[in-house]
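Enquirer: Quick check, what structure comes out for this input:
(chains A, B, C, D, E and F)
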Number of protein chains: 4
Amino acid sequence: MAQLQKSIDKRTALLKATLQLVNSGGIQGASMAKIAKAASISPATIYLFFSSKQELLNQLYLSVKSSFTQAAFVNYAEDISLEKRFKTIWHQMVHYKLKHPEEASFLSQCDNTPMIDDQTRQEGLLFLAPLFDLWKEGISKGVIKNSSPYLLYAHSIYPMAFLMNINSKDLCTADENILNESFQMAWDSIKA
Amino acid sequence: MAQLQKSIDKRTALLKATLQLVNSGGIQGASMAKIAKAASISPATIYLFFSSKQELLNQLYLSVKSSFTQAAFVNYAEDISLEKRFKTIWHQMVHYKLKHPEEASFLSQCDNTPMIDDQTRQEGLLFLAPLFDLWKEGISKGVIKNSSPYLLYAHSIYPMAFLMNINSKDLCTADENILNESFQMAWDSIKA
Amino acid sequence: MAQLQKSIDKRTALLKATLQLVNSGGIQGASMAKIAKAASISPATIYLFFSSKQELLNQLYLSVKSSFTQAAFVNYAEDISLEKRFKTIWHQMVHYKLKHPEEASFLSQCDNTPMIDDQTRQEGLLFLAPLFDLWKEGISKGVIKNSSPYLLYAHSIYPMAFLMNINSKDLCTADENILNESFQMAWDSIKA
Amino acid sequence: MAQLQKSIDKRTALLKATLQLVNSGGIQGASMAKIAKAASISPATIYLFFSSKQELLNQLYLSVKSSFTQAAFVNYAEDISLEKRFKTIWHQMVHYKLKHPEEASFLSQCDNTPMIDDQTRQEGLLFLAPLFDLWKEGISKGVIKNSSPYLLYAHSIYPMAFLMNINSKDLCTADENILNESFQMAWDSIKA
DNA sequence: CATGAATGAGATTTCATTCAT
DNA sequence: AATGAATGAAATCTCATTCAT
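Expert: Numbering: from 1, shown residues only, chains lettered A, B, ... in the order given. This next block holds a predicted model:
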């Protein structure tokens, strides 16, 4: 049991070290040697947990995506209006990204790199199922535009990434007002 | 004069070669050696035009961004309604991205890589001045929401990138209907 | 007693696994980790039986050489003509190599690798004693050329390896005729 | 011209360094780093001449094989008896191997390693064409056994490798007498 | 006795960049 | 101005071996 725990800890330490290194120097900057050193293990040991750098990054992607969506869908009550439910999810997403800038930045960096497999990306999308269901319900109720979930995502969720980006670069501070404005735009774009 | 022309041609050839290589193998895959070979010059010669790989990529970024925005703002008549002017710009942007997938993909890849300097990114935004002016006009006329241009951009232009991404991966075909739906969402999000 | 048997079984499994792995991927391809996995034991356990990879290979060499020569000298009757006795041995050797291509290939691979110690190679030659005795007898009877057994071996036995090699690469099929021709050459080369 | 010469020299130095290292420590022992150091260049520079370690070894194989066969077929007069011509070739081969033990040992090590491609091995065989022609002539004249050249090779040339092996290990000194005996065996095995 | 976990050392290969010409 | 040659440094990954349990 102690052994298993140690193993899990090491895996976690590896994922964490990778996250930080990608954050500070990009995917290129996160070399296996640096990751190993940051996790206080030998480079060779990484390969006991992940068969390649690609797999390490893909696993990290899924891990972060999972953590992100879990935060997004917490406190999810079905007994309130659809708009309010969407608003809750949206704000929880933003809140997560503001509170975990490393995770947010990592996910952004993954958006357009060939290091993340298409299949892994697909798996990552599955975590969004509750949101997709919400939209489906909204469409059937005539509250949401009858469009592909991809389109709804592109216009109501994807803009967050840009917002976080410029926020982290001090071009624009994501204060309460800004966030409310942004949510309003998101909602306006998808509401029927 | 002939000398100067030859110099410009080489620079152009370098930028083009880089664009294609980044497109087919990611930024990592575009090594200086490959770029040199694709442009039919010596690796050493690259450094007569660009002081480093970073600068080459930054210059390419500005070049593509410029080409993109030029296409976006062509046929720009001031005598039609503001919505129609925005619609024209929006569709011309989409049209450019569909017609120049390499450029579109390159810009996407640049969105979150540390290879592009913040300063260069800023310069790139300047090309969007006409759009920002349009929004300012719209705001003063009460047609556009009174928000930061960053927010307006995040919600009405940035979603395109996602759309192009999934289009290129065959998850969703960007046909006429989809584009119209997407524009509607963009407009709904920013209109007052 | 059961313990001892289990120990012997493991040793045998290790040798077998090594043989197969060397056969399919060369000596380089047979890593200790793969050998362990193929023999269903832990890498660390190998070192309870063999002090190093070198020793494992050397032991395997002796084991295969022993098995090969045992097959060669079976049914060895002293009451027939010397040529017929040699012919029997020769054909039994060929037969063994054709029937056990993994063993044959392994021995070939060992011929010129520094992984096999000179001393072990010497020990391997001892298994050929009956053949050397036969030659000594032949020499004294004036039936065999009065040469060093090394020379006799080089010309009458060693060529088999080449034959098996090209047979396994489909350059030449070792059918009945070919084998008879080859034996005739072997005999012609050493007969007085 | 000076540049070209320097390039050729470096290639030659690389081949030579590889030959020596393979000779002293086996193919495994000849790491690219050691080869580079022995040739007094950077590891990266090797790849300007050979695209991989495999190719380096294959090229070396062809180079040595070519040098070996050139030595074998020098002073080749057509106006003497077929047996004498064969004898000349045979002795020149032996002479080369005795004088160039590193080359001889390298060729032996190549016999059974997967690092040498089948195709390269085939190319290597082409160098033996004059010998194969000689045999063909001998067969048609009824002087040589009517067998496949592979068989003739296996019994008259291949034994040399074994001889050189044990010679280099002081098991048996390849003096004049031994060589004459060995040639006699080679000839007896293939003569009609 | 047996092992899963761990690793230091080293393997091959790549790359952005420089330098002599 | 232009370059082919060259490279130091670093990348990913492997392997024979050990050790705490």
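Enquirer: Poorly predicted segments of chain A, please.
Expert: For chain A, the stretches flagged by pLDDT under 70 are A:1.
Enquirer: Would you point out which residue is most central in it?
Expert: Computing the C-alpha centroid of chain A and ranking residues by CA atoms, centre = their mean puts A:Lys65 first, at 4.1 Å.
Enquirer: which one is that residue nearest to, not counting chain neighbours?
Expert: Nearest in space to A:Lys65, with sequence neighbours left out and distances taken as CB to CB, 6 or more residues apart in numbering or on different chains, is A:Gly124 at 4.3 Å. Where C-beta positions appear, they are placed from N, C-alpha and C, glycine not excepted.
Enquirer: who's in contact with the one you found?
Expert: A:Tyr61, A:Leu62, A:Lys65 (CB atoms under 8 Å, 6 or more residues apart in numbering or on different chains).
Enquirer: Over to A:Ile41?
Expert: So A:Ile41 contacts A:Lys10, A:Ala13, A:Leu14 (CB under 8 Å, 6+ apart).
Enquirer: what about the last one, which helix or strand?
Expert: Take DSSP states H and E as the rule and A:Leu14 turns out to sit in helix A:2-29.
Enquirer: How far off centre is that helix?
Expert: Offset of helix A:2-29 from its chain centre (CA atoms, centre = their mean, to the nearest Å): 17 Å.
Enquirer: So is that helix next to DNA strand E?
Expert: Yes - judged by CB under 7 Å from any atom of the strand, helix A:2-29 and DNA strand E are in contact via A:Gln3, A:Lys6, A:Ser7, A:Lys10.
Enquirer: Ranking by neighbours, what's the top pick from those residues?
Expert: A:Lys10 (17 neighbours; other CB atoms under 10 Å in any protein chain shown).
Enquirer: That one contacts A:Phe49, correct?
Expert: Yes - counting by CB atoms under 8 Å, A:Lys10 sits close enough to A:Phe49 to count as a contact (6.9 Å).
Enquirer: Show me the domain layout of chain A.
Expert: Domains of chain A are assigned by automatic domain parsing as A:1-49, A:60-190.
Enquirer: and the ones you listed, which is most packed in?
Expert: Of the domains of chain A, the one with the most neighbours on average (mean count of other CB atoms under 10 Å in any protein chain shown) is domain A:60-190, at a mean of 17.
Enquirer: Between helix B:149-156 and the helix or strand harbouring A:His155, find me the angle.
Expert: Taking DSSP H and E as the criterion, A:His155 maps to helix A:149-156. Helix A:149-156 runs at 170 degrees relative to helix B:149-156, counting by axes from the mean of the first three to the mean of the last three CA atoms, to 10 degrees.
Enquirer: can helix A:149-156 be found next to chain B?
Expert: Yes - Helix A:149-156 comes into contact with chain B (CB under 8 Å from any CB of the partner chain), by way of A:Tyr150, A:Leu151, A:Tyr153, A:Ala154, A:His155.
Enquirer: which residues touch that helix?
Expert: Counting by CB under 8 Å, 6+ apart, residues outside helix A:149-156 touching it are A:86, A:90, A:128, A:131-132, A:135-136, A:144-145, A:186-187, A:189-190, B:155, B:159-160, B:162-163, B:166, B:171-172, B:178, B:181-182, B:185-186, B:189.
Enquirer: Helices along chain A, start to end?
Expert: A:2-29, A:32-38, A:43-49, A:53-73, A:82-99, A:101-111, A:118-126, A:129-140, A:149-156, A:159-168, A:176-190 (DSSP state H).
Enquirer: What helices and strands are in contact with the first one?
Expert: Counting by 3 or more CB pairs under 8 Å, 6 or more residues apart in numbering or on different chains; DSSP states H and E, the packing neighbours recorded for helix A:2-29 are helix A:32-38, helix A:43-49, helix A:53-73, helix A:101-111.
Enquirer: ok, now the third one?
Expert: Based on contacts counted as 3+ CB pairs under 8 Å, 6+ apart, the elements that helix A:43-49 packs against are helix A:2-29, helix A:32-38.
Enquirer: ok, now the fourth one?
Expert: If contacts are counted by 3+ CB pairs under 8 Å, 6+ apart, helix A:53-73 sits against helix A:2-29, helix A:82-99, helix A:101-111, helix A:118-126, helix A:129-140.
Enquirer: Report the distance from the last one to the chain centre.
Expert: Looking back up the chat, that one is helix A:129-140. On CA atoms, centre = their mean, the centre of helix A:129-140 falls 19 Å from that of its chain.
Enquirer: Please name the nearest non-neighbouring residue to A:Pro101.
Expert: A:Ser168 is the one closest to A:Pro101 (CB to CB, 6+ apart), at 5.9 Å.
Enquirer: How about the contacts made by the closest residue to A:Ser42 other than its chain neighbours?
Expert: Leaving out its chain neighbours, the residue that sits closest to A:Ser42 by CB to CB, 6+ apart is A:Ala36, at 6.0 Å. By CB under 8 Å, 6+ apart, the contact list for A:Ala36 reads A:Ser42, A:Pro43, A:Thr45, A:Ile46.
Enquirer: Those: which ones sit near DNA strand E?
Expert: Answer for the contacts of A:Ala36 near DNA strand E (CB under 7 Å from any atom of the strand): A:Ser42, A:Pro43, A:Thr45.
Enquirer: want to throw these into JSON lines with distance to D:Asp118?
Expert: Below are the ones next to DNA strand E among the contacts of A:Ala36 laid out as JSON lines (distance: CB to CB, whole Å):
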{"residue": "A:Ser42", "distance to D:Asp118": "39"}
{"residue": "A:Pro43", "distance to D:Asp118": "36"}
{"residue": "A:Thr45", "distance to D:Asp118": "38"}
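Enquirer: closest to DNA strand F among the residues you listed?
Expert: Comparing the ones next to DNA strand E among the contacts of A:Ala36 against DNA strand F with CB to the nearest atom of the strand places A:Pro43 closest, at 4.1 Å.
Enquirer: my guess is that closest one meets A:Ala33, correct?
Expert: Yes - contact criterion CB under 8 Å: A:Pro43 and A:Ala33 qualify, at 5.5 Å.
Enquirer: burial count for the nearest residue to A:Thr120 once chain neighbours are set aside?
Expert: Excluding the flanking residues, the one nearest A:Thr120 by CB to CB, 6+ apart is A:Asn58, at 4.3 Å. By other CB under 10 Å, 21 other residues sit near A:Asn58.
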